[in-house]
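J.: mind folding the following:
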Amino acid sequence: YNRADAEDLTVLKWSRVRNELKKSYSKLRQYDGQYLAYSILDEAVDSIGPVIASVTKEIRREKKILKSTQYKSLETIHEIAYELRQMSRKLKPFIRVLQHVIEDDRISPGPTVFLRDVLDNLENYDEEVKQLIAQCVNVNEEAEKYRQRQMDSTLYTLTVISAVFLPAQFLTGVWGMNFVFMPELDDEYGYLMFWILSLSLMASMLVFLRCGRLNV
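T.: Purely as a prediction, here's the structure:
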């Protein structure tokens, strides 16, 4: 995601608080510092939303890239997952601070109502971050499954090749033994018989493996 855009948005939000403080008729000037504390916390929590939206778009874009490139590199998705875990760890103390402020008897009932809304928003953002982490984990699992399917396909191809040529190898081994009396070796059509028999067995083995895979 674009970190610079997120930082610019954060600066814009803090400038709103400063501008409100400059107005003599604003609520920040009419009420005590508790409402100011609420405004600061509210702006801080609201700044999380655009970041989450940006990360969500980045994950979707990365999914499409990975599918088109056959999951060649998961470096970006791992970096996103790392940043999200860092973000989740930082949100937890933020939630505890808000809960402590709400439960503090020195806070007036008026700001407490607004602070509860801020806490709800923060908990929702925390849940969204966890869901994004789960999406990154799912992408990693999809990549592992894709690679496993590729490996299985390769192993199956090698198995088919080995199985198809097995009859020819068997006949070669039999007729290659150093026995004195082997009638097939002196037969006029022995060489032709070898290939006819080998190709027939190879075709039968190929059909058998093909039908067996379709049944699976």
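
J.: what residue ranges in the chain are flagged as low confidence?
T.: Residue ranges of the chain with pLDDT under 70: 1-33, 184, 212-216.

J.: same thing but 50
T.: Applying pLDDT under 50 to the chain flags residues 1-2, 4, 6, 9, 12.

J.: what segments of the chain are helices?
T.: Applying DSSP state H to the chain gives helices spanning 3-22, 27-30, 33-46, 48-68, 75-103, 109-175, 183-186, 190-215.

J.: so what's residue 139 up against?
T.: 59, 62-63, 66, 74, 77 (C-beta atoms under 8 Å, 6 or more residues apart in numbering). In this view, the C-beta of every residue, glycine as well, is placed from N, C-alpha and C.

J.: how about a cut-off of 7 Å?
T.: Neighbour list for residue 139: 63, 66, 77 [criterion: C-beta atoms under 7 Å, 6 or more residues apart in numbering].

J.: swap in residue 49?
T.: Residues near residue 49 by C-beta under 7 Å, 6+ apart: residue 125.

J.: quick check, central residue of this protein?
T.: The centroid of the chain falls nearest to residue 139 when counting by C-alpha atoms, centre = their mean (2.0 Å).

J.: how near is it to residue 168?
T.: 45 Å (C-beta to C-beta, to the nearest Å).

J.: for residue 179, same thing?
T.: 20 Å.

J.: phi, psi of residue 70?
T.: When read as degrees, to the nearest 10, the backbone of residue 70 gives phi 60, psi 40.

J.: likewise the one 4 residues further on?
T.: In this entry, residue 74 is assigned phi and psi values of phi -110, psi 20 (degrees, to the nearest 10).

J.: quick one: it and residue 135, what's the gap?
T.: Distance, residue 74 to residue 135, by C-beta to C-beta: 13 Å.

J.: compare the two (neighbour count), which wins?
T.: Using other C-beta atoms under 10 Å, the more surrounded residue of residue 74 and residue 135 is residue 135, with 20 against 16.

J.: isn't that one right up against residue 60?
T.: No - using C-beta atoms under 7 Å, residue 135 is not in contact with residue 60; the gap is 9.0 Å.
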